[in-house]
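In: Provided below are the primary sequence and the corresponding predicted coordinates.
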Amino acid sequence: MAEPAAVPGHVPPGAVQAFDYHHDPRVEQDPFGVFDAARGKRAFFSPTYGGYWVLTAAGDIREAFQHPELFSSRITGIPPTPRPRRLLPLELDPPEHGRFRHPLSAVFSPQAVARMEPAIRRTCAALVDAISATGVCELLSDFAVPFPDRAPPAGVLCFRFGKAHTCPRAIAQW
């Protein structure tokens with residue numbers, strides 16, 4: 001496990017729990033069990049990797065997103081990982097993220113995504129038909145790789161801009 005950081009004074013002692021999904025041997029043995037146990041705690045502070053909060057309830061996560069002054073999106077990796085450039089708009093807090101969010105919100109609105117559903121369903125049906133004709137399936141190469149939506153949200157973006165069959169291959173090559 002990573003060296004623990006000092007626990008900030010405002011964190012109640014009962015809310016502290018070491019959590020290291022990178023190096024804890026229990027994760028390799030039973031990852032679902034480890035994450036199920038974490039989910040049962042709702043919210044806790046882990047001192048590993050410099051310290052971070054683990055939120056498992058949808059309401060807590062929503063609350064964190066709505067308070068960037070307390071829960072910033074600036075650092076998204078655990079442990080914090082230097083990148084050559086920021087992941088936009090993922091690693092932006094308000095008001096900067098609005099420059100990206102507003103133009104994208106119409107493209108990814110529930111109504112816009114619903115309009116893509118028939119094309120996505122046709123793609124899935126064609127892939128399943130091809131698989132059923134052979135009677136065998138290797139899910140990754142027979143379905144996930146050819147399916148343009150295999151890398152959300154990139155695949156949805158490809159559908160949205162009418163490049164469903166060429167764009168995902170370009171993204172996979174990156």
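Out: Received it, and whenever you're ready, just let me know what you need.

In: Domain map for this protein?
Out: 13-71, 108-173 (automatic domain parsing).

In: Save these as JSON lines, and put in mean neighbour count and mean pLDDT too.
Out: Using the backbone N, CA and C atoms, a C-beta is placed for each residue, glycine as well. Below are these laid out as JSON lines (neighbours: other C-beta atoms under 10 Å; pLDDT from 0 to 100):
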{"stretch": "domain 13-71", "mean neighbour count": "14", "mean pLDDT": "91"}
{"stretch": "domain 108-173", "mean neighbour count": "13", "mean pLDDT": "74"}
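
In: Which one of these lies nearest to Pro84?
Out: Nearest of the domains of the chain to Pro84, taken as C-beta to C-beta: domain 108-173 at 17.9 Å.

In: and the next element down the chain from the lengthiest helix in the chain?
Out: Looking across the chain with DSSP state H, the single longest helix is helix 110-134. Per DSSP states H and E, the first helix or strand lying C-terminal to helix 110-134 is helix 139.

In: Would you enumerate the residues in contact with the nearest residue to Gly40 once chain neighbours are set aside?
Out: Of all residues not flanking Gly40 in the chain, Thr56 sits nearest, at 7.9 Å (C-beta to C-beta, 6 or more residues apart in numbering). By C-beta atoms under 8 Å, 6 or more residues apart in numbering, the residues touching Thr56 are 38-43.

In: Go through these and flag which are in helices.
Out: Per DSSP H, the subset of those in helices is 38-39.

In: Serialize the contacts of Thr56 to TSV and add fields for distance to Ala119.
Out: Shown next, in TSV, are these (distance: C-beta to C-beta, whole Å):
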residue	distance to Ala119
Ala38	37
Arg39	35
Gly40	40
Lys41	41
Arg42	39
Ala43	39
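
In: between the contacts of Thr56, which is closest to Ala114?
Out: Arg39 (29.8 Å).

In: Relative to Gly33, how far out is that closest one?
Out: Applying C-beta to C-beta, to the nearest Å, the value for Arg39 to Gly33 is 11 Å.

In: And for Thr123?
Out: For Thr123 relative to Gly33 (C-beta to C-beta), the value is 35 Å.

In: likewise Leu139?
Out: 24 Å.

In: what's the answer for Arg115, then?
Out: Applying C-beta to C-beta, the value for Arg115 to Gly33 is 40 Å.

In: so where do the helices sit in the protein?
Out: 25-29, 31-39, 58-65, 98-107, 110-134, 139, 154-160, 167-173.

In: The first one packs against which elements?
Out: Right, helix 25-29. Contacts defined by 3 or more C-beta pairs under 8 Å, 6 or more residues apart in numbering; DSSP states H and E place helix 25-29 against helix 31-39.

In: Now do the contacts for the nearest residue to Leu87 once chain neighbours are set aside.
Out: Nearest residue to Leu87, sequence neighbours excluded (C-beta to C-beta, 6+ apart): Thr76, at 6.6 Å. By C-beta under 8 Å, 6+ apart, Thr76 lies in contact with 87, 90-91.
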